[in-house]
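Enquirer: Here's a sequence, model it:
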Amino acid sequence: VVHSYKSMLKRIIYIPILFCLSWAGVNAQSGNYKPFPEDSAIWVSDISSNGCQGYCNSVIYKLQGDTTIGSKSYNKFYSQSTYFYYIVPPLWPNPPVIGFTPPTPLKYLGGIRQDSANRKVFFVDTNQVEQLFYDFDLKLGDTLPKTYLFQHSGDMIVTGIDSVLLKGSYHKAFLFNNHPMDYSYGFLLEGLGSSCSPFYIEEVFFEAGERIICF
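Expert: Model prediction:
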């Protein structure tokens, strides 16, 4: 059953989680700015937790359609989830039998607009409050400004800038220091967003984690 669900998702172009396998020197490879998607884009992220003994559920994020708020045009962001559970728990040497719930209805999260000239993406929430979403105009040693994704105390410092090969094109990637508490940051990638999910920048937080498996 799970295999059938995953097969359905394979119609989406897969991107390996271990992006480090495709790292290349940014100075030689990054090229021009790769804009954030503006419509008909899909991200799928997996969530794991010690509370559910590993893999818990997948979240599907979709950019679909547009809207006007005030005088500005935004692309609409949605999400839906599917949850996985044990029908028969794992008992070595026998594998578990796993079931899953149908994907939930689409939930509207808000809208995004892009400022390509300044390499920034903005997000407006359901209360129509706009905040900085992604800043891709960062330099080595810069401190990430507070964004919709990053509201914690402590600084996120750019400790590395590299590039990742995706679909035959190099996209600039920004690496950060680890949080002094129980957070492990993902990285930001032009043309995709956070390596964790469009709406999270912590790859591991306390006893749970989220990361993109395909885009």
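Enquirer: What's the separation between the residue of the chain most remote from its centre and I69?
Expert: The C-alpha centroid of the chain is most remote from P93, which lies 34.6 Å away (Cα atoms, centre = their mean). Separation of P93 from I69 (Cβ to Cβ, to the nearest Å): 56 Å. In short, each C-beta sits where N, CA and C put it, glycine included.
Enquirer: what about this protein, any weak spots by pLDDT?
Expert: The chain contains residues with pLDDT under 70 at 1-31, 49-55, 151-154, 178-185, 202-208.
Enquirer: Which residue, other than its chain neighbours, is closest to the residue nearest in space to the middle of the chain?
Expert: Closest to where the C-alpha atoms of the chain average out (Cα atoms, centre = their mean) is S197, at 1.9 Å. Closest residue in space to S197, ignoring its immediate chain neighbours: S45 at 4.0 Å, by Cβ to Cβ, 6 or more residues apart in numbering.
Enquirer: With D162 as the reference, measure out to that neighbour.
Expert: Distance from S45 to D162, counting by Cβ to Cβ: 22 Å.
Enquirer: Ok, G70 next?
Expert: 37 Å.
Enquirer: Looking at the two, which has the bigger crowd around it?
Expert: D162 (22 against 9; other Cβ atoms under 10 Å).
Enquirer: Surely the more buried one and L175 touch.
Expert: Yes: in this structure D162 lies within contact range of L175 using Cβ atoms under 8 Å: 7.0 Å.
Enquirer: residue ranges of the helices in the chain, please?
Expert: In the chain, the segments counted as helices under DSSP state H are 2-9, 26-29.
Enquirer: Beta-bridge partners for V59, please?
Expert: S45, S81 (DSSP bridges).
Enquirer: List the contacts of it.
Expert: Counting by Cβ atoms under 8 Å, 6 or more residues apart in numbering, V59 touches V44, S45, I47, S79, Q80, S81, S197, E210.
Enquirer: One more: V88?
Expert: N94, P96, V97.
Enquirer: for the last one, what are its contacts?
Expert: Right, the one you point to is V97. Per Cβ under 8 Å, 6+ apart, neighbours of V97: Y86, I87, V88.
Enquirer: what does Q131 give?
Expert: Residues in contact with Q131 (Cβ under 8 Å, 6+ apart) are F122, F123, V124, D125, T147, Y148.
Enquirer: picking that back up, any chance of the contacts of V59 in CSV, plus distance to D155?
Expert: Shown next, in CSV, are the contacts of V59 (distance: Cβ to Cβ, whole Å):
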residue, distance to D155
V44, 30
S45, 25
I47, 26
S79, 29
Q80, 34
S81, 32
S197, 22
E210, 22
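Enquirer: Which members of the residues you listed are the farthest-apart pair?
Expert: Farthest-apart pair in these is Q80 and E210; separation 14.8 Å (Cβ to Cβ).
Enquirer: Which of the two has more residues huddled nearby?
Expert: Ranked by neighbour count (other Cβ under 10 Å), Q80 and E210 place E210 first, with 25 against 15.
Enquirer: Good, wrapping up.
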